[in-house]
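# Everything below, folded, please.
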Amino acid sequence: MNSPQNKRKELEHILTGGNFVKIDEAIKNLREESPIRGVIEILVSHYESGTDQKVMGLIREFLNDLKDQASCVEVIEEINKNHSDSTRAMLVASCWQSGLDYSGFVSDFAELFVSGDFATAIECFTVIESSSGHLTKAEKAALVGQLKKNASGVSGEKTALAMELLYFLEQTDED
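Sure thing, here's the model as predicted:
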């Protein structure tokens, strides 16, 4: 049986080979296997450096369809790395599109909401909004406090978005 390390090396080899059919097959196989630590990192690295839009689409779809809650940690690790704005926005979008519970990471998304570009801020808004049902009143209050404390870092088109996010959190806190 292949070890996780061998499977990661094989995936890297297939991705660098550039054969779309083999890449598509490898990613389909990943969907059927138990998650292997490091695979998300390999896929994101290839997405970041890739130019083939079809392959990038396969990677994006794979991340959007993650179903293992344990994958969240690896996705967050990738979000926190020094990726391009477009890669980071894609990763954050995968968080809400996967339907996994990222409520344990809302502070990270609030920080990224403030520091990221507009597209990333929109995706962070959506993750925070979709996670809000899993937060206690105290966690929501802490999140509102964090956003208000860092409000000076929000400018331009993100200002209205920040106000909307704060309004949403404060309204749902009253429930």
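# Buried residues of stretch 155-175, list them for me.
Across stretch 155-175, burial judged by 16 or more other Cβ atoms under 10 Å covers 158, 161-162, 165, 168-169, 173. Glycine gets a C-beta too; all of them are placed from N, C-alpha and C.
# which of these has the weakest pLDDT?
Going through those one by one, the lowest pLDDT turns up at Asp173, 64.
# want to throw the buried residues of stretch 155-175 into a markdown table with secondary structure?
As requested, the buried residues of stretch 155-175 are arranged in a markdown table below (DSSP: H, G, I helix; E, B strand; the rest coil):
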| residue | secondary structure |
| --- | --- |
| Lys158 | helix |
| Leu161 | helix |
| Ala162 | helix |
| Leu165 | helix |
| Phe168 | helix |
| Leu169 | helix |
| Asp173 | helix |
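# tell me the contacts of Phe125?
For Phe125, the contacting residues are 113, 161, 164-165, taking Cβ atoms under 8 Å, 6 or more residues apart in numbering as the criterion.
# circling back: rebuild the buried residues of stretch 155-175 as JSON lines, extending it with distance to Ser107.
Written out in JSON lines, the entries for the buried residues of stretch 155-175 read as follows (distance: Cβ to Cβ, whole Å):
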{"residue": "Lys158", "distance to Ser107": "18"}
{"residue": "Leu161", "distance to Ser107": "18"}
{"residue": "Ala162", "distance to Ser107": "16"}
{"residue": "Leu165", "distance to Ser107": "14"}
{"residue": "Phe168", "distance to Ser107": "17"}
{"residue": "Leu169", "distance to Ser107": "13"}
{"residue": "Asp173", "distance to Ser107": "16"}
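# Please consider this matter closed, and thank you.
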